[in-house]
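K.L.:
sequence and predicted structure below; questions after.
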Amino acid sequence: MKDINDLRQARSAAATAMKAAAAKLTELDEADTPDEAAIATAQGEFDTAEADFKKADGALRRAESVEAAQAAAARGGDEATGGGTSSPITAAARPQSEADKAMGVGFIVGALAIHKGDRAGAAGYLDQEGHSGISAVLSGATASAGGVTIPQPLAQEVIDLLRPKVVVRKAGAQPSPIPAGKMRHARLASGATAGYGTEAAAIVESEPSFDNVDMAFKKLTALVPISNDLLRQSAVAMARVVRNDVVMQMAAREDIAFLRNDGTSGTPKGLKSWCLAPNWKVETAKTADAVEALINSLVNLVEDADVSMMAPGWAMRASTKNFLAGLRDANGYPLYPSIDKTGELKGYQIFTSSQIPNNLGAGSDTEITFADFSEIMIGDALNLTIATSDQATFVNQSGDPVSAFQNDLTLMRAISEHDLAPMHDAAISGATVTGWSI
């Protein structure tokens with residue numbers, strides 16, 4: 001079965017072909033001297049495109065039905081006897097608490113590792129161990145040269161776990177599925193205007209203008225070495241450790257990408273790169289007056305752009321937040337008492353990330369960002385592709401090659417796809433500041 005995103009892309013392409021064929025047919029029909037042969041050819045092209053669309057639409061609907069069935073299977077609880085024990089094992093693929101969310105991904109990775117990537121063997125193992133709901137999900141997962149694509153319901157649980165760990169997601173950025181790897185959002189570039197006039201004066205016309213926001217998948221990969229000793233131990237403990245490793249690896253890289261990456265080398269374009277040049281400031285002073293002036297300026301830039309301000313907030317390092325909390329006015333009172341009381345600055349929530357550097361410039365520069373995060377869109381494939389190997393060699397962070405086989409490790413690779421773009425780039429402001437840390 002084709003991947004559901006490929007089916008969506010095929011349906012979209014067929015719809016585009018139908019539109020082009022219909023336009024061509026209309027043009028030929030309206031000609032002063034209709035060319036019957038050309039009309040017949042165009043009609044044939046339209047009929048072919050229509051048939052392709054119906055075929056692609058039917059295939060997509062079937063795939064969506066299968067995915068819905070897998071989600072239903074994953075939500076059910078099962079009782080079975082597994083692992084050679086006589087006691088019943090209750091296996092509910094749906095998490096019973098936040099601590100157990102996305103455990104199914106950990107179970108799948110562990111089962112694939114034990115069975116050296118064999119999906120059928122891994123599914124059978126999960127079923128035998130009493131996890132028939134997760135086994136059903138794995139059995140219906142899409143196999144590819146890149147591994148096994150975890151279906152959307154289970155992958156969504158991983159994305160949900162990323163939310164509190166990735167500043168942009170946590171602050172209120174709006175996730176949306178990208179059905180075919182690319183998405184174009186139309187946005188209002190300039191609005192219509194209105195005005196007053198005298199009785200006989202002509203009404204001045206106005207016309208809104210539009211442009212586009214384009215998003216295309218960027219591939220995020222996580223490479224996690226897992227001790228085979230762990231895989232030989234308790235399945236639940238193993239699943240939890242694997243899940244945590246996947247989430248933490250992906251969260252750390254996604255956080256810095258959404259905040260600071262420039263869109264090159266296959267990375268998403270982060271908030272700093274989307275920020276308009278006049279909206280990004282530089283401040284080398286760290287006195288109370290200089291700090292207050294800059295903070296007010298960043299808020300004013302966004303508010304004066306008529307942004308909706310539905311989810312405004314700050315992104316900065318924790319040390320910068322603590323520096324601001326420690327500032328005193330001329331009378332010795334805290335300049336921003338709300339930071340310690342409610343975690344807010346100027347009435348807007350502060351979100352901290354250790355991925356924002358504090359050693360920029362000469363070594364003491366860092367960055368702060370203010371944005372209405374409801375204006376930030378995250379286009380997401382909403383799936384996760386998993387592959388495992390106990391034979392591979394990888395390069396560790398020190399640059400040294402490490403043999404998984406020699407070190408009794410299993411290497412797990414996770415791939416997700418997403419992109420980020422603001423609906424209006426005026427919704428972002430920020431600054432590079434010197435010495436704003438403690």
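P.N.:
Yep, that arrived.
K.L.:
now do the helix or strand hosting residue 48: which elements does it pack against?
P.N.:
Element membership for residue 48, per DSSP states H and E: helix 36-75. Counting contacts by 3 or more CB pairs under 8 Å, 6 or more residues apart in numbering; DSSP states H and E, helix 36-75 is packed against helix 4-29, helix 132-139, helix 152-162. (Each C-beta comes from the backbone N, C-alpha and C, glycine too.)
K.L.:
so the last one versus helix 132-139, what angle?
P.N.:
Spelled out, it's helix 152-162. 100 degrees (axes from the mean of the first three to the mean of the last three CA atoms, to 10 degrees).
K.L.:
need phi/psi at the residue sitting furthest away from the middle of the chain.
P.N.:
Ranked by distance from the centre of the chain (CA atoms, centre = their mean), the top residue is residue 200, with 55.3 Å. When read as degrees, to the nearest 10, the backbone of residue 200 gives phi -100, psi 0.
K.L.:
follow-up on the earlier one: so for the helix holding residue 48, mean pLDDT?
P.N.:
The average pLDDT within helix 36-75 is 79.
K.L.:
equivalent analysis for stretch 343-360, please.
P.N.:
Stretch 343-360 comes out at a mean pLDDT of 95.
K.L.:
what distance separates the opening and closing residues of it?
P.N.:
End-to-end distance for stretch 343-360: 25 Å, by CA to CA, to the nearest Å.
K.L.:
coming back round to it: any idea how far the residue farthest from the centre of the chain lies from residue 363?
P.N.:
Shown here: residue 200 relative to residue 363, a distance of 69 Å by CB to CB, to the nearest Å.
K.L.:
related to what we said a few turns ago, comparing the helices and strands packed on helix 36-75, which stretch has the densest surroundings?
P.N.:
helix 132-139 (a mean of 24; mean count of other CB atoms under 10 Å).
K.L.:
list the contacts of residue 157.
P.N.:
For residue 157, the contact set (CB atoms under 8 Å, 6 or more residues apart in numbering) comprises 95, 101, 102, 104, 105.
K.L.:
in CSV, list the helices and strands packed on helix 36-75 along with distance to residue 293 and mean pLDDT.
P.N.:
As requested, these are exported to CSV (distance: least, CB to CB, whole Å; pLDDT from 0 to 100):
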stretch, distance to residue 293, mean pLDDT
helix 4-29, 48, 82
helix 132-139, 55, 75
helix 152-162, 36, 76
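K.L.:
out of these, which is closest to residue 247?
P.N.:
helix 152-162 (4.8 Å; CB to CB).
K.L.:
sketch out the low-pLDDT regions of the stretch 301-438 of the chain for me.
P.N.:
For the stretch 301-438 of the chain, no stretch has pLDDT under 70.
K.L.:
which SS class is residue 223?
P.N.:
strand (DSSP: H, G, I helix; E, B strand; the rest coil).
K.L.:
so what's it bridging to?
P.N.:
Counting by DSSP bridges, residue 223 forms beta bridges with residue 413.
K.L.:
surely it is in contact with residue 412?
P.N.:
Yes - Residue 223 lies in contact with residue 412 (CB atoms under 8 Å); the separation is 7.5 Å.
K.L.:
domain parsing of this protein, as residue ranges.
P.N.:
With domains defined by automatic domain parsing, the chain comprises 4-72, 148-180+209-438.
K.L.:
how far out from the middle of the chain is the longest one?
P.N.:
In terms of CA atoms, centre = their mean, to the nearest Å, the centre of domain 148-180+209-438 is set 11 Å apart from its chain centre.
K.L.:
got the contact list for residue 241?
P.N.:
106, 226, 230.
K.L.:
residue 349: which of the residues you listed is nearest?
P.N.:
residue 106 (31.3 Å).
K.L.:
secondary structure element holding the closest one?
P.N.:
Per DSSP H and E: helix 103-114 holds residue 106.
K.L.:
could you look up the next helix or strand downstream of that helix?
P.N.:
Downstream of helix 103-114 (by DSSP H and E), the next one is helix 119-128.
K.L.:
what helices or strands is that next one leaning on?
P.N.:
Secondary elements touching helix 119-128 (3+ CB pairs under 8 Å, 6+ apart): helix 103-114, helix 132-139.
K.L.:
which stretches of the stretch 201-350 of the chain form strands?
P.N.:
209-216, 218-227, 280-283, 312-316, 344-345, 348-352 (DSSP state E, counting those that start in this stretch).
K.L.:
pick the most buried one from those.
P.N.:
It is strand 312-316: most buried of those by mean count of other CB under 10 Å, with a mean of 25.
K.L.:
so it versus strand 348-352, what angle?
P.N.:
30 degrees.
K.L.:
buried stuff in stretch 163-174?
P.N.:
165, 166, 167, 168, 169, 170, 171, 172, 173 (16 or more other CB atoms under 10 Å).
K.L.:
any idea how far the fourth one lies from residue 27?
P.N.:
Read that as residue 168. Distance from residue 168 to residue 27, by CB to CB: 46 Å.
K.L.:
hmm, back to that, from the buried residues of stretch 163-174, which is closest to residue 219?
P.N.:
For those, the nearest to residue 219 is residue 166 (16.7 Å; CB to CB).
K.L.:
next one: phi and psi at that closest one?
P.N.:
The phi/psi pair for residue 166 (degrees, to the nearest 10) is phi -110, psi 120.
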